[in-house]
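Q: Below are the sequence and a predicted model; questions follow.
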Amino acid sequence: MNKLQADMKHADSRGTSAETMIAITNLIKGFEDHDVLNNISFKLYRGENLVILGRSGTGKSVLIKCIVRLLDSDGGTITVLDKPVSELNRKELLELRKKIGFLFQSGALYDSMTVRQNLEFPLLRIRKKLSRTEIQEKVMEALENVGLADSIDRMPSQLSGGMRKRISLARTIIVDPLIMLYDEPTTGLDPVTSDEISLLINDVKEKYKTSSIIITHDIECARSTADRILLLHEGRIYMEGKLKNFEESADPLVKSFFK
Amino acid sequence: MYCSMKKLYPVIKVKNFATGQSIKISERTFKHAQNLQGFFSNVAGLTLFTLQTIRETFSLDFEFREFLRQCYKIGNKSLPLVAITGFIMGLVLTIQSRPALADFGAVTLLPSMVSISIIREIGPVITALICAGKIGSGIGAELGSMKVSEQIDAMEVSATNPMRYLVVTRVIAVMFMLPVLVLFADLFGLFGSWIGVNIKGSSNLVLFISEAFGPIDFSDFIPSMLKSFVFGAVIGIVGCYKGYSAGRGTESVGIAANTAVVTSSLLVIIVDLIAVQITDILL
């Protein structure tokens, strides 16, 4: 039994309340000329923030794209909310995706739409029964939660990088997802804005009771958001544990992150 | 001799996946094989994309608002360009044809000759080529940049079918708008022709119209409109396919726009050739 399996057994034995939201077993993913993920296994439990750390190019973004099947895995199993992702048909996959929020590294706001239209877009398609007034209320509520209610009629091109990230977060949480996947939420932002985004991630967890995977190489973001950390290195899980374990580790690779 | 040949065409080793053995071929042959493979994978990709678009078109959730927005964007915003081109086309055709007809004393046939040329062939083809440049490249670049900036992925994970929202609406909008644009191009072309006739002669508008539409009947319009409809489908599908299959870098946006124009222009000419043959057989 390797260390990871032991950790998982330990986590499972912490009590039945540790409900599994995502379970990944022996995940393999490669591209034409190289392997990116090699036998990755871990679980995300209800209500926790799991930070996945790693250098650029270690397959962190590929990993969360496999979870929502934006990329197909080459081997292993991914189970999200007890549903095997790779075995779902198109309709089932769309239903599952309604319960998952994905914050893209670039924000991925729709350029041709205003902030209001960007936020209405998922609501109109996922919460079809909402009236026009309810939609407007939800849009305003989501924007107030990220502190940008006055930007409602702006175009994405008129927003700064930090504002785009916040609006993108508002668009993601507006449909009340159970699981949040953050792809490098603080990359390219100044330290002050990065801290604000980290606080927002914690707020979202508290307010919307989400379980989150946060992909990052920003240690400050990891410090302020992580309940548990996974360190990914050369396509494998190098270390798993609490923030304290990482900060006290004497391993050179871990120390290079937690200076 | 052998050495110089080797320098010109270096030999490389490639693995034969059928037999598992390595074979030696020249680098040039390998490049030709790669190009050929690229061509066939493009054809296969475009065919599958077309089939997927057809399948999604007949689904229940049609994005009507986006379709109307695209109709406005494609139709209304292309109108000035199509109108100016149509006008100049009619004017130039008239001015250039006059001396040849004058030699046979057939200047009075000028309006009917120009109208047949414009309505049957020049109007649809020139409008389609202009739209391949303007609309095809626009769609290719827009969807390409959406792909690069992960907007298509964002749509996908927010439980929206991007094929239905982005592709179907655009393809159908081009299919419906192109025949309308062709009608405008024809109209402005005939107006240009009337101006051309009046440069060296004299003809009032009513007389010109009666001469221009004398030999034209409904069967001249139907193949032209049907052809425009197919041209629209070609431009829309190729533009969307190139944008949708763009790579990840910003360079790929330019490539998507460029290849969308080249491929759709070429396909418009090929479709026109086929359409002319079919019309010739049927009528």
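A: Nice, I can see it.
Q: Now do the contacts for residue 145.
A: All of this refers to chain A. A:170, A:173, A:203-204, A:207 (CB atoms under 8 Å, 6 or more residues apart in numbering or on different chains). Where C-beta positions appear, they are placed from N, C-alpha and C, glycine not excepted.
Q: that's the wrong chain, I wanted chain B
A: Residue B:145 touches A:111, B:253, counting by CB under 8 Å, 6+ apart.
Q: follow-up on the earlier one: closest to chain B among the contacts of residue A:145?
A: Nearest to chain B out of the contacts of residue A:145 is residue A:173 (CB to the nearest CB; 11.8 Å).
Q: Buried subset of the contacts of residue A:145 as a PyMOL selection?
A: Selection of the buried residues among the contacts of residue A:145 in PyMOL, burial being defined by 16 or more other CB atoms under 10 Å in any protein chain shown:
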select buried, chain A and resi 170+173+204
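Q: Mind checking which of the contacts of residue A:145 land in helices?
A: When DSSP state H is applied, the contacts of residue A:145 are split such that A:170, A:173, A:203-204, A:207 fall in helices.
Q: Of these, which is the nearest to residue B:279?
A: residue A:170 (55.4 Å; CB to CB).
Q: From residue B:111, how far out is the closest one?
A: From residue A:170 across to residue B:111, the span is 62 Å (CB to CB, to the nearest Å).
Q: How about residue B:269?
A: In this structure, residue B:269 and residue B:111 are 27 Å apart, going by CB to CB.
Q: The helix or strand residue A:237 falls within: how far from the chain's middle?
A: Assigned by DSSP states H and E, residue A:237 falls within strand A:236-241. In terms of CA atoms, centre = their mean, to the nearest Å, the centre of strand A:236-241 is set 18 Å apart from its chain centre.
Q: Now the next helix or strand after it: buried residues?
A: Following strand A:236-241 in sequence order, the next helix or strand is helix A:243-248 (DSSP H and E). For helix A:243-248, burial by neighbour count (16+ other CB under 10 Å) applies to A:243, A:246.
Q: got the end-to-end distance for stretch A:226-235?
A: 21 Å (CA to CA, to the nearest Å).
Q: residues making contact with it?
A: By CB under 8 Å, 6+ apart, stretch A:226-235 touches A:35-38, A:40, A:42, A:48-55, A:58-60, A:63, A:214, A:222, A:237-243, A:246, A:253-254, A:257.
Q: circling back to that earlier point, right, and out of the contacts of residue A:145, which lies closest to residue B:78?
A: Looking across these and measuring by CB to CB, the closest to residue B:78 is residue A:170, at 35.6 Å.
Q: quick one: what helix or strand has the closest residue to that closest one other than its chain neighbours in it?
A: Leaving aside its sequence neighbours, residue A:170 sits nearest to residue A:142 (CB to CB, 6 or more residues apart in numbering or on different chains; 4.1 Å). Remark: residue A:142 resides in helix A:132-145, with elements defined by DSSP H and E.
Q: Can you point out the buried residues in that helix?
A: So for helix A:132-145, counting by 16+ other CB under 10 Å, buried means A:135-136, A:138-139, A:142-143, A:145.
Q: same check, this time on stretch A:20-32
A: So, applying 16+ other CB under 10 Å, buried residues of stretch A:20-32: A:20-24, A:27-30.
Q: got the residues of chain B near chain A?
A: Contacts of chain B with chain A, taken as CB under 8 Å from any CB of the partner chain, map to B:142, B:145-146, B:149-151, B:153-161.
Q: Please identify, among these, the one with the most neighbours.
A: residue B:154 (27 neighbours; other CB atoms under 10 Å in any protein chain shown).
Q: and it, what does it touch?
A: Applying CB under 8 Å, 6+ apart, the residues near residue B:154 are A:102, A:104, A:108, A:110.
Q: Thought residue B:151 was touching the third one, still the case?
A: Yes - with contact defined as CB atoms under 8 Å, residue A:108 counts as touching residue B:151 (5.1 Å).
Q: related to what we said a few turns ago, kindly indicate which of the ones in helices among the contacts of residue A:145 lies nearest residue B:219.
A: Nearest to residue B:219 among those, with distances taken as CB to CB, is residue A:170, at 57.7 Å.
Q: Next up, the contacts around the closest one.
A: So residue A:170 contacts A:119, A:142-143, A:145-146, A:148 (CB under 8 Å, 6+ apart).
Q: Apply 7 Å and report the result again.
A: A:119, A:142-143, A:145-146 (CB atoms under 7 Å, 6 or more residues apart in numbering or on different chains).
Q: Next, the buried residues of the helix or strand harbouring residue B:170.
A: Applying DSSP H and E as the criterion places residue B:170 in helix B:169-200. Residues of helix B:169-200 classed as buried: B:169-194, B:196-197 (neighbour count, 16+ other CB under 10 Å).
Q: Same check on stretch B:214-232?
A: Those would be B:220-221, B:223-224, B:227-232, for stretch B:214-232 by 16+ other CB under 10 Å.
Q: Show the model's pLDDT score for the nearest residue to residue A:184 once chain neighbours are set aside.
A: Sequence neighbours aside, residue A:105 is the residue nearest to residue A:184 in space, at 4.3 Å (criterion: CB to CB, 6+ apart). As predicted, residue A:105 sits at a pLDDT of 88.
Q: I'd like to know the phi and psi angles of residue A:105, please.
A: Dihedral angles of residue A:105 (phi, psi; degrees, to the nearest 10) stand at phi -60, psi -40.
Q: Kindly report the same for the one 5 residues further on.
A: With angles defined as degrees, to the nearest 10, residue A:110 sits at phi -80, psi 110.
Q: where does it sit relative to chain B, distance-wise?
A: Counting by CB to the nearest CB, to the nearest Å, the gap from residue A:110 to chain B is 6 Å.
Q: That residue against residue A:120, yeah?
A: No - assessed by CB atoms under 7 Å, residue A:110 is found out of contact with residue A:120, at 10.6 Å.
Q: Would you mind telling me which of the two has the busier surroundings?
A: Each of residue A:110 and residue A:120 has its neighbours counted (other CB under 10 Å); residue A:120 has more, 20 against 17.
Q: Could you verify my assumption that that one touches residue A:135?
A: Yes - counting by CB under 7 Å, residue A:120 does reach residue A:135; the two are 6.0 Å apart.
Q: follow-up on the earlier one: give me the subset of the contacts of residue B:154 that lies in strands.
A: residue A:102 (DSSP state E).
Q: Give the ranges of residues in chain A that sit below the confidence cut-off.
A: Chain A contains residues with pLDDT under 70 at A:1-17.
Q: Residue numbers of it in contact with chain B?
A: Counting by CB under 7 Å from any CB of the partner chain, the positions of chain A adjacent to chain B are A:68, A:70, A:94, A:97-98, A:100, A:102, A:104, A:106, A:108, A:110, A:122, A:125-126.
Q: could you redo those residues as CSV and give each row secondary structure?
A: Listed next are these as CSV, based on DSSP: H, G, I helix; E, B strand; the rest coil:
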residue, secondary structure
A:68, coil
A:70, coil
A:94, helix
A:97, helix
A:98, coil
A:100, strand
A:102, strand
A:104, coil
A:106, coil
A:108, coil
A:110, coil
A:122, helix
A:125, helix
A:126, helix
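Q: Closest one to residue B:209 out of those, please.
A: Once CB to CB is applied, the member of those that ends up nearest residue B:209 is residue A:110, at 47.3 Å.
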